[in-house]
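>>> Show me how the following folds:
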Amino acid sequence: MSEDVTLSNISMDFGNFRAVDNVNITIKAGEFFSFLGPSGCGKTTILRLISGFMDPTAGKILIGGKDMTGTRPNERPTALIFQNLALFPLMPIWENIAFGLEVRGIDKATRRKKAEELLKLVDLKDSADKKVSQLSGGQKQRVAIARALAVEPKVMLLDEPLSALDLKLRQHMRAELRAIQKRTGVTFIYITHDQGEALAMSDRVGVMSQGVLQQVSAPNEIYNNPANGFVASFVGENNIFDGKIKAIKGGMASFETSQGVFDAKVGPGVEKNTVVRLYVRPEHSLLAKAASKTSNSIPVEVTDLAFEGNFINVFLRDAAGHTHMAQMQNDPNSPLPSRGSKLHMNFDGDDSLLLVHAKTRG
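Numbers count the residues shown, from 1 in each chain. Alright, predicted model coming up:
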């Protein structure tokens, strides 16, 4: 039911603008893979190249080991789900799902049976004869998935299909999509700018910026061990310090900043004279009345607090006027600092990472 997808030295130019720059990756058969990045980074262009709606300027796309050059979209073993879903409002749900089968000349009884099987798969077994207008946003998403599955694709391509849903429904649909993908075994290639979606659903994530694939790894690796500053900043929050490396020894470095000299881990490609910045996650930034004697520390003033439910973000300002953030668990037994409090932000060297900015085009 699934095939692997290989992008081999893929580039895509629009005039003088390079939207995708020399991307190389193999997405495994049966994998839930997400391309994650900001608007304009090239991720949707990659999806259109895989589906066959555009031909790459350079490189090859292989699906199941077969070169797709010259293969039209309807001849590829792929199905594409758009942001707007494109359901037919005047058709009952089962006919929406079976539309691709009708185009292929499948008889009505077989189409109806297949549609009902797929409605059961996506937990809408009593909705065959309903109209699209009778369904909620999440139910429409599931109908679109069922319709795509009806033609038995080896690869499902999803272009930000949850972007129009409210937060609670998006979170619910993440679990739904993941469950459907695992039940069917179809290769899912998912496009999103939402880091939460990518981290929650994916087996692996490819982070993109300006057409360049910055890092490909499992979600926990992307978050805990970002390849560069762009990945660290785009996937999660960070406190960032500018400065220069004084010395490197055993995977750790002394990093001189205007706020002091800090110990930090050395990230990929970092050497003594490399231009880097220091990144520290807010959850690793601990607030205390006194400076730590065993870890990095800077004096700060509390400027604001933001309640986020299960945690609280505490916003801080150091003596140089730079802003930082510490994250605290929402524990009624732990008092929160008040605005204007003078504290120290302490962070361990093992939780601090020196990173180069990003891979660039060319």
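
>>> Pairing partners for the host helix or strand of L7, with directions?
Under the criterion of DSSP states H and E, L7 resides in strand 5-14. Sheet partners assigned to strand 5-14 using DSSP bridges are listed as strand 17-27 (antiparallel), strand 58-63 (antiparallel).

>>> beta partners for the closest residue to V276 other than its chain neighbours?
In this structure, V276 finds its nearest non-sequential neighbour in L354, 4.5 Å apart by C-beta to C-beta, 6 or more residues apart in numbering. Yep, even glycine has a C-beta here, placed from its N, CA and C like the rest. Going by DSSP bridges, L354 is paired in beta bridges with V266, L278.

>>> check contacts around L354.
With contact set as C-beta atoms under 8 Å, 6 or more residues apart in numbering, L354 has these partners: 245, 253, 255, 264-267, 270, 276-279.

>>> rewinding a little: in the strand holding L7, what's buried?
Using 16 or more other C-beta atoms under 10 Å as the test for burial, strand 5-14 gives 5-8, 10-12.

>>> Now do it, average pLDDT.
For strand 5-14, the mean pLDDT works out to 97.

>>> So which residues lie in contact with that strand, not counting its own?
18-27, 42, 45-46, 49-50, 54, 56-63, 65, 155, 187, 189, 211.

>>> Going by neighbour count, which of those are buried?
Here the buried ones among those, as counted with 16+ other C-beta under 10 Å, turn out to be 18-23, 25, 27, 42, 45-46, 49-50, 54, 56, 59, 61-63, 155, 187, 189, 211.

>>> returning to that earlier point: want to throw the contacts of L354 into TSV with neighbour count, pLDDT and distance to P219?
Shown next, in TSV, are these (neighbours: other C-beta atoms under 10 Å; pLDDT from 0 to 100; distance: C-beta to C-beta, whole Å):
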residue	neighbour count	pLDDT	distance to P219
I245	20	96	29
A253	26	97	27
F255	26	97	28
A264	27	97	23
K265	19	97	20
V266	21	97	23
G267	23	95	18
V270	21	94	23
V276	26	96	24
R277	21	97	23
L278	26	97	23
Y279	26	98	18
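
>>> Let me have those residues in JSON lines, adding distance to R170 as columns.
Output for those, formatted as JSON lines (distance: C-beta to C-beta, whole Å):
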{"residue": "I245", "distance to R170": "41"}
{"residue": "A253", "distance to R170": "40"}
{"residue": "F255", "distance to R170": "38"}
{"residue": "A264", "distance to R170": "35"}
{"residue": "K265", "distance to R170": "34"}
{"residue": "V266", "distance to R170": "37"}
{"residue": "G267", "distance to R170": "32"}
{"residue": "V270", "distance to R170": "36"}
{"residue": "V276", "distance to R170": "35"}
{"residue": "R277", "distance to R170": "32"}
{"residue": "L278", "distance to R170": "33"}
{"residue": "Y279", "distance to R170": "27"}
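
>>> Pull the most distant pair out of those.
Spanning the widest gap among the contacts of L354 are I245 and Y279, at 14.2 Å by C-beta to C-beta.

>>> what element comes up after the longest helix along the chain heading to the C-terminus?
Longest helix of the chain, by residue count under DSSP state H: helix 167-184. Tracing the chain past helix 167-184, the next element assigned as helix or strand by DSSP H and E is strand 187-192.

>>> List the pairing partners of that next one within its sheet, with orientation.
Strand 187-192 sits in its sheet next to strand 32-36 (parallel), strand 155-159 (parallel), going by DSSP bridges.

>>> what residues does that strand touch?
2-5, 27-36, 43-44, 46-47, 50, 154-160, 162-163, 177, 181, 197-198, 201-202.

>>> List the buried residues for the helix or strand that that strand is followed by?
Downstream of strand 187-192, the next assigned helix or strand under DSSP H and E is helix 195-201. Using 16+ other C-beta under 10 Å as the test for burial, helix 195-201 gives 195, 197-201.

>>> Show me which of these is closest to I312.
Q195 (20.3 Å).

>>> ranges for the helices of this structure?
43-51, 93-103, 108-121, 137-150, 167-184, 195-201, 219-224, 229-234.

>>> would a markdown table of those with distance to T71 and mean pLDDT be doable?
Conversion of those to a markdown table gives the following (distance: least, C-beta to C-beta, whole Å; pLDDT from 0 to 100):
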| stretch | distance to T71 | mean pLDDT |
| --- | --- | --- |
| helix 43-51 | 11 | 95 |
| helix 93-103 | 18 | 90 |
| helix 108-121 | 25 | 91 |
| helix 137-150 | 18 | 86 |
| helix 167-184 | 23 | 85 |
| helix 195-201 | 28 | 93 |
| helix 219-224 | 32 | 97 |
| helix 229-234 | 33 | 96 |
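
>>> Dump the ones you listed to TSV, plus distance to I312.
Converted to TSV, these look like this (distance: least, C-beta to C-beta, whole Å):
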stretch	distance to I312
helix 43-51	33
helix 93-103	44
helix 108-121	41
helix 137-150	30
helix 167-184	19
helix 195-201	19
helix 219-224	20
helix 229-234	22
